[in-house]
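Asker: got a sequence here, can you model it:
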Amino acid sequence: DVVAAARRTLGETKIGHTGTLDPLATGVLPLAIGRATRLVRFFAASDKDYEATVRFGFATDTYDISGREISRTDAVPAPEHLIRALQDLTGEYLQPPPAFSAKKVGGRRAYELARNEHAVALAPAAVRVARADLVSFSGGRAHVVLTCSAGFYVRSFAHTLGELTGTGACLEALRRTRSGEFCLDDAIPIAGLSEASRVTSALIPLSALLHHLPAIAVNSRGLERVAHGRGLEPGDYERWLAALPHAEWVRLLNLRGDLIGMGTPGSEPGSLHPAIVLM
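Answerer: As a prediction, the model looks like this:
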């Protein structure tokens, strides 16, 4: 729906998002427009920040407040037990996705199977939680801020908190405050998508993105080779950086600093293959 609204306002058909939010959630949803759609893989793989409200005392089949109740204890964990559980869910581990998710099983969405009461078994995925800090805890609700890897399910996190504390729990509210380089302060509300001037003023040029990746500026000969998708050699750059051979991806810039492509190291020393061309 957000993509469709942006298409209507900008008159641009080539628009994609970098990772959906659950219906329950609010917050940052970066859109890639035009050539930027070719870079969605980099934006979608970035870490995310969330503000979550976890409700204790019962569990649901969807792991959030909108689901069907499957167990109830009406119990609230002691603060020290909750803090210990949060510590246990920090770091790297395998997380089972919820049955009610967009993961595909045999070509069908898992939530479609779960809604029809079919058994859904999804393989755990490797995730990383850099922080899970308790902001406040009262009335059976814990407000938690999280920094986690792509593919992390905060609903599963809430459900597991209930299991670890023995009280049951589900996700009551969720807000994504950061997705990679994109923060809530830079976002516009959904209602603003109908205002062309507001949308265009919020656009971020490609040259301002992916600065966590190394970059190399190409000369006129390199520019022509990138345009034709041909491999680059040391003579095609203004300057070769020794660290580049160890990078999985390298930003290719023209002499003005515009992003013209993404390269991967070639087999020969100092060579790069322009795997993504944005010219």
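Asker: residue contacts, Glu127?
Answerer: Careful, residue 127 is Val; it's not Glu. Taking Cβ atoms under 8 Å, 6 or more residues apart in numbering as the contact definition, Val127 lies against 92-95, 148-149, 151-152. Every residue, glycine included, has its C-beta placed from N, CA and C.
Asker: those, buried ones only, as a PyMOL selection?
Answerer: Command for PyMOL that selects the buried part of the contacts of Val127, burial taken from 16 or more other Cβ atoms under 10 Å:
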select buried, resi 95+148+149+151+152
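Asker: so which of the contacts of Val127 are in strands?
Answerer: Those of the contacts of Val127 mapping onto strands are 92-95, 148, per DSSP state E.
Asker: how far out from the middle of the chain is the helix or strand harbouring Phe137?
Answerer: Using DSSP states H and E, Phe137 falls within strand 125-138. Offset of strand 125-138 from its chain centre (Cα atoms, centre = their mean, to the nearest Å): 16 Å.
Asker: quick check: angle from it to strand 91-95?
Answerer: Strand 125-138 runs at 110 degrees relative to strand 91-95, counting by axes from the mean of the first three to the mean of the last three Cα atoms, to 10 degrees.
Asker: buried residues in strand 125-138, which are they?
Answerer: Residues 125, 127-129, 132, 137 are the ones in strand 125-138 that count as buried (16+ other Cβ under 10 Å).
Asker: pick the one among those residues closest to Glu238.
Answerer: Arg128 (36.0 Å; Cβ to Cβ).
Asker: how many neighbours does Ser267 have?
Answerer: By the criterion of other Cβ atoms under 10 Å, Ser267 has 7 neighbours.
Asker: that one and His273, how far apart?
Answerer: Distance of Ser267 to His273, computed by Cβ to Cβ, to the nearest Å: 9 Å.
Asker: go on, Ala169?
Answerer: 48 Å.
Asker: now swap in Leu184 and tell me
Answerer: Leu184 is 37 Å from His273, by Cβ to Cβ.
Asker: number of nearby residues for Glu172?
Answerer: 19.
Asker: pretty sure it contacts Thr53?
Answerer: Yes: Glu172 lies in contact with Thr53 (Cβ atoms under 8 Å); the separation is 4.4 Å.
Asker: need the overlap of contacts for those two.
Answerer: Taking Cβ under 8 Å, 6+ apart as the contact rule, Glu172 and Thr53 both touch Arg141.
Asker: all strands of the stretch 51-200 of the chain, in order?
Answerer: Under the criterion DSSP state E, counting those that start in this stretch, the stretch 51-200 of the chain carries strands at the ranges 58-60, 69-72, 91-95, 104-105, 108-109, 125-138, 141-148, 169-179, 182-183.
Asker: now distance to Leu252 and mean pLDDT too, for those strands, in JSON lines please.
Answerer: Shown next, in JSON lines, are these (distance: least, Cβ to Cβ, whole Å; pLDDT from 0 to 100):
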{"stretch": "strand 58-60", "distance to Leu252": "48", "mean pLDDT": "96"}
{"stretch": "strand 69-72", "distance to Leu252": "52", "mean pLDDT": "95"}
{"stretch": "strand 91-95", "distance to Leu252": "32", "mean pLDDT": "95"}
{"stretch": "strand 104-105", "distance to Leu252": "34", "mean pLDDT": "60"}
{"stretch": "strand 108-109", "distance to Leu252": "37", "mean pLDDT": "62"}
{"stretch": "strand 125-138", "distance to Leu252": "29", "mean pLDDT": "96"}
{"stretch": "strand 141-148", "distance to Leu252": "30", "mean pLDDT": "98"}
{"stretch": "strand 169-179", "distance to Leu252": "24", "mean pLDDT": "97"}
{"stretch": "strand 182-183", "distance to Leu252": "22", "mean pLDDT": "94"}
